[in-house]
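Asker: got a predicted structure plus its sequence, pasted below:
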Amino acid sequence: MPFGGGNKCGCCQKTVYFAEEVQCEGKSWHKSCFLCMVCKKNLDSTTVAVHVDEIYCKSCYGKKYGPKGYGFGGGAGTLSMDTGEGLGIKPEEQAPHRPTNNPNASKFAQKPGGSDMCPRCGKMVYAAEKVVGGGNSWHKGCFRCAKCGKGLESTTLADRDGEIFCKGLFKLNLGFGES
């Protein structure tokens, strides 16, 4: 215990005396300072989530540091347009659609060291974001028609020369016929 009667509060840096002390992650806090850094809700040992020296309620922590993307929504049947800017999160800008420019369509030519590489963006594809189609592994966001950019599924996919297309465009506009 430092000279002056007690530990310093993790929030206000003033002395914390035993009667008003809450401990978390080896630090002391005043009960009145033990609040979520975003929504200012009172916290306790069951509702606190710590990130470095910051404390959050579990809800705000999940919004700020939790997983993002499809399947990690706010609950059943909800669609949130909240980008998280109020939590200090900068919204990700989606890269513009660009067709594959790899001259070698061979699946093995795109696998340096045996790891899957996305033919659209050229970056490594990990299992959590992997979609297989047209003989290649793609990121979910890159699994789009090379002509119109529409998101594809295994039932709406046609491929030619290592590139993937909508079945409708593939048949009608490209004049290829089915492969």
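Answerer: In hand now; what should we look at?
Asker: could I get the helix ranked longest in the chain in PDB with only the CA atoms?
Answerer: Using DSSP state H, we find that the single longest helix of the chain is helix 58-65. What follows is helix 58-65, C-alpha atoms only, in PDB (Å, rounded to 0.1, in the frame of the first residue of the first chain):
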ATOM      1  CA  LYS A  58     -20.100  -7.100 -21.100                       C
ATOM      2  CA  SER A  59     -22.500  -5.600 -23.700                       C
ATOM      3  CA  CYS A  60     -20.200  -2.600 -24.500                       C
ATOM      4  CA  TYR A  61     -17.100  -4.800 -24.500                       C
ATOM      5  CA  GLY A  62     -18.700  -7.200 -27.000                       C
ATOM      6  CA  LYS A  63     -19.700  -4.300 -29.300                       C
ATOM      7  CA  LYS A  64     -16.200  -2.800 -29.200                       C
ATOM      8  CA  TYR A  65     -13.900  -5.800 -29.100                       C
END
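Asker: packing partners of it?
Answerer: strand 48-51 (3 or more Cβ pairs under 8 Å, 6 or more residues apart in numbering; DSSP states H and E). Quick note: C-beta positions are derived from backbone N, CA and C, even for glycine.
Asker: buried sites along the strand it packs on?
Answerer: For strand 48-51, burial by neighbour count (16 or more other Cβ atoms under 10 Å) applies to V48, A49.
Asker: and that strand, which strands flank it?
Answerer: Applying DSSP bridges, strand 48-51 is found paired with strand 54-57 (antiparallel).
Asker: hang on, the earlier thing: which strands or helices does the helix or strand immediately after the longest helix of the chain in the chain pack on?
Answerer: Using DSSP states H and E, the helix or strand that follows helix 58-65 in sequence is strand 130-133. Packing partners of strand 130-133 (3+ Cβ pairs under 8 Å, 6+ apart): strand 136-139.
Asker: neighbouring strands - and their directions - for the strand it packs on?
Answerer: Counting by DSSP bridges, the strands paired with strand 136-139 are strand 130-133 (antiparallel).
Asker: and the partner strand, C-alpha only, in CSV?
Answerer: As requested, C-alpha coordinates have been extracted for strand 130-133 and formatted as CSV (Å, rounded to 0.1, in the frame of the first residue of the first chain):
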residue,chain,number,x,y,z
LYS,A,130,-13.4,-20.0,-46.3
VAL,A,131,-15.9,-20.6,-49.1
VAL,A,132,-15.0,-23.2,-51.8
GLY,A,133,-16.2,-22.7,-55.4
